[in-house]
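A.B. asks: turn this into a model:
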Amino acid sequence: MARTIEPDCRQCRREGCKLFLKGERCTTKKCAMERRPVIPGQHGNSRRRVTFSEYGSQLREKQKVKRMYGVLESQFRKYYDEAERMKGVTGENMLSLIERRLDNVVYRMGIGASRSQCRQIVNHGHITVNGKRVNIPSYSVKVGDVIAVKENKQDLEFFKAIKGIKVVMPKWLEFDTNTLTGKIVALPSREDIDADIKEQLIIELYSR
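C.D. replies: Residues are numbered from 1 along each chain as shown. Next up is the predicted model:
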């Protein structure tokens, strides 16, 4: 299975913003963006102002979103191609498709602290969709799907710690922390994605 092996904190520093790849650590003073908010490499501390060309800005935006969601280039390109064939705004369609990935839905429900952790939870077969075990992180959920932690896994200490905790849900999701069961009540819209993403730059890059 292909995956990104670059250190998480280095990715955040390269993009110049927090991508929240390490869960709670990203909200503390231990975060690399708090301690050393410069680009990685020997020229990171240079006072020379970094400027990007139009292409450079588009490329950095694409890389930022890829790293944020943990998606590889081939997968990301497929999301763009599918979004382009759909009705509506291509950029918003693309973000909606990525948001509907199972590992991201598990993350949005608060089951894991980061998307990479949620990806591992799905890979290990702890999640069911409509009562059936699904271990594919890229699985695309649909309206009406019921997402839950397997009943025989809910006694694990990791999942016990989640029960009863109040979690703020996006309006397109429902989740009961007592039963560790959630539901997709609507498709995610652009307003539901609070990350600072300029999707138009990505569309311009792929439209070249």
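A.B. asks: and residue 9, what pLDDT?
C.D. replies: Note on residue 9: pLDDT of 62.
A.B. asks: swap in the one 5 residues further on?
C.D. replies: The predicted local confidence for residue 14 comes out at a pLDDT of 67.
A.B. asks: got it, and residue 33?
C.D. replies: pLDDT recorded at residue 33 is 61.
A.B. asks: kindly list the longest helix within the protein.
C.D. replies: When the chain is parsed with DSSP state H, its longest helix is helix 54-69.
A.B. asks: buried residues in that one, which are they?
C.D. replies: Across helix 54-69, burial judged by 16 or more other C-beta atoms under 10 Å covers 58, 60, 61, 62, 63, 64, 65, 66, 67, 68, 69. From N, CA and C alone the C-beta is placed, and that goes for glycine too.
A.B. asks: and these, which two are furthest apart?
C.D. replies: Farthest apart among the buried residues of helix 54-69 by C-beta to C-beta are 58 and 69. That separation is 17.5 Å.
A.B. asks: just checking, residue 185 touches residue 169?
C.D. replies: No. With contact defined as C-beta atoms under 8 Å, residue 185 does not count as touching residue 169 (9.6 Å).
A.B. asks: run through the chain and note the low-pLDDT ranges.
C.D. replies: Flagging of the chain using pLDDT under 70 yields the residue ranges 1-27, 30-50.
A.B. asks: quick check: closest non-adjacent residue to the most centrally placed residue in it.
C.D. replies: Centroid check for the chain by C-alpha atoms, centre = their mean gives residue 69 as the closest residue, at 3.2 Å. The spatially closest residue to residue 69, leaving aside those adjacent along the chain, is residue 98, at 5.4 Å (C-beta to C-beta, 6 or more residues apart in numbering).
A.B. asks: list the residues that contact that neighbour.
C.D. replies: Residues in contact with residue 98 (C-beta atoms under 8 Å, 6 or more residues apart in numbering) are 65, 69, 71, 79, 104.
A.B. asks: ok, residue 141 next?
C.D. replies: Counting by C-beta under 8 Å, 6+ apart, residue 141 makes contact with 100, 101, 102, 105, 129, 147, 184.
A.B. asks: list the buried residues in stretch 105-123.
C.D. replies: Result for stretch 105-123 [16+ other C-beta under 10 Å]: buried residues 105-112, 114-119, 121-122.
A.B. asks: which one among the residues you listed gets closest to residue 204?
C.D. replies: residue 115 (25.6 Å).
A.B. asks: which ones are touching the nearest residue to the closest one once chain neighbours are set aside?
C.D. replies: Distance criterion C-beta to C-beta, 6+ apart; nearest residue to residue 115, sequence neighbours excluded, is residue 107 at 4.8 Å. Taking C-beta under 8 Å, 6+ apart, we find residue 107 in contact with 114, 115, 117, 118.
A.B. asks: what about residue 107, which helix or strand?
C.D. replies: Under the criterion of DSSP states H and E, residue 107 resides in helix 102-108.
A.B. asks: no more questions from me, cheers.
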